[in-house]
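Engineer: Sharing a model that was predicted from the sequence below.
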Amino acid sequence: MDPAPFLQTALDAAHAAGGFLRANFGRPLQVDENLAHDIKLELDRRTQALIEGIVLDRHPGHAILGEEGVRGDQSSGYEWIIDPIDGTVNFFYNIPHFAVSIALRHRGEILAGVIHDPMRGETWSVQAGSPALLNGQPISVSPRTELSEATVSVGVSKSLHTINRGLPLFEKMLRGAKKCRMMGSASLDIAYVACGRLDAYIENMISIWDVAAGLLLVEAAGGKVDMQPHETLPGKFSIVASSGKIPLPLE
C-alpha cells in the first residue's frame, strides 16, 4: 500500500489546522475545563473538527482517535490519531510553542505522521519506508555520544504518582546532561529528537495522540523509541525517544 496519499492528507489537515490556530493565537479563548495542571479549550474541539472534516472527506471509511473524542468507523483498520493542539497550556498563556500532530495507523503500524508548528512554520513529516523530513528536507538524530554534551527533555505528567516518579529522573538528567528542558509539547519534543535538537525525550505517562506521529519520525531519522503501556492506566504509556547514541541513566 502506498502511504503517500495518506501523508498528503495529514499534511493538508495539519496546515489547515495550523493556520486556524495561528489566526486565533493571542485572542480571547473560551475555556471548557480549567484543571489543576491543564486546560481544555473550546478551540481544541473546533480544531479537531476541522482536521476530522478533511480526513473523513477523503477517507470516509476510516476511524478517528483524537484527544477530543472519536469519529468515523471505529471498526476500520485505518485509524487517524490526532492531537489538535499539543501544548494547550502554552497556547492559552500566549507561549508560541505548540503543535498539531496527526498520524495514521493501520492495524497497529504507523503509516504516516505529521507534526506542524504553525508559529515557526516548521513541518516534520514521514511515511513508512521513507526518510524523515523537516520542511521537505531529510533530517537525522544528533550525532552526540556523551550525556554530558546532550540536551534532554523530561516530561512530568500531572498526577502525584507521576510527579514522584518523574522528579528523581529529572534530577539525574539535570546533573548528567548538558541541559535539561521541560517545554510543554510532547510532539515537538519528539520532533526535536528526530532532527537532532534534543538527544532524548523521556516521559513516564503520555497519551498515544501526543506521540503517535513522532514514533515513526524518530526511527526514520535513525533514532530509537521505547514505548511501554502504563501499568494500571489503559491508553497511557511511558516513552523514551532518543538518538540511541547516548547512555541514559533511567533507573
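Structural biologist: That came through fine. Computed from a predicted structure; not experimentally measured.
Engineer: does the closest residue to residue 170 other than its chain neighbours sit in a helix, a strand or a coil?
Structural biologist: For residue 170, the nearest residue in space outside its immediate sequence neighbours is residue 154; the separation is 4.7 Å by Cβ to Cβ, 6 or more residues apart in numbering. In this view, the C-beta of every residue, glycine as well, is placed from N, C-alpha and C. Following DSSP: H, G, I helix; E, B strand; the rest coil, residue 154 is assigned to strand.
Engineer: Against residue 172, how distant is residue 154?
Structural biologist: Distance from residue 154 to residue 172, counting by Cβ to Cβ, to the nearest Å: 9 Å.
Engineer: can you check residue 236 too?
Structural biologist: Relative to residue 172, and taking Cβ to Cβ, residue 236 is found at 22 Å.
Engineer: tell me the pLDDT at residue 73?
Structural biologist: Residue 73 carries a pLDDT score of 86 in this model.
Engineer: neighbours around it, how many?
Structural biologist: Residue 73 has 15 neighbours, counted by other Cβ atoms under 10 Å.
Engineer: these two touch, right, it and residue 62?
Structural biologist: Yes - using Cβ atoms under 8 Å, residue 73 makes contact with residue 62 at a distance of 6.8 Å.
Engineer: any low-confidence regions in the chain?
Structural biologist: 33, 35-38, 157-162, 251 (pLDDT under 70).
Engineer: can you pull out the helices in it?
Structural biologist: 4-24, 42-58, 88-92, 160-176, 186-194, 208-220 (DSSP state H).
Engineer: now the angle between helix 208-220 and the fifth one, please.
Structural biologist: Translated: helix 186-194. 10 degrees (axes from the mean of the first three to the mean of the last three Cα atoms, to 10 degrees).
Engineer: residues in contact with residue 51?
Structural biologist: 13-14, 16-17, 66, 82, 84, 100, 102 (Cβ atoms under 8 Å, 6 or more residues apart in numbering).
Engineer: what's the domain layout of the chain?
Structural biologist: Here the domain parsing of the chain from automatic domain parsing is 4-138, 147-242.
Engineer: I'd like these laid out as a markdown table, including distance to residue 249.
Structural biologist: Output for the domains of the chain, formatted as a markdown table (distance: least, Cβ to Cβ, whole Å):
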| stretch | distance to residue 249 |
| --- | --- |
| domain 4-138 | 26 |
| domain 147-242 | 5 |
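Engineer: Next, residue 28: phi, psi?
Structural biologist: phi -60, psi 140 (degrees, to the nearest 10).
Engineer: Kindly tell me how buried it is, as a neighbour count.
Structural biologist: 5.
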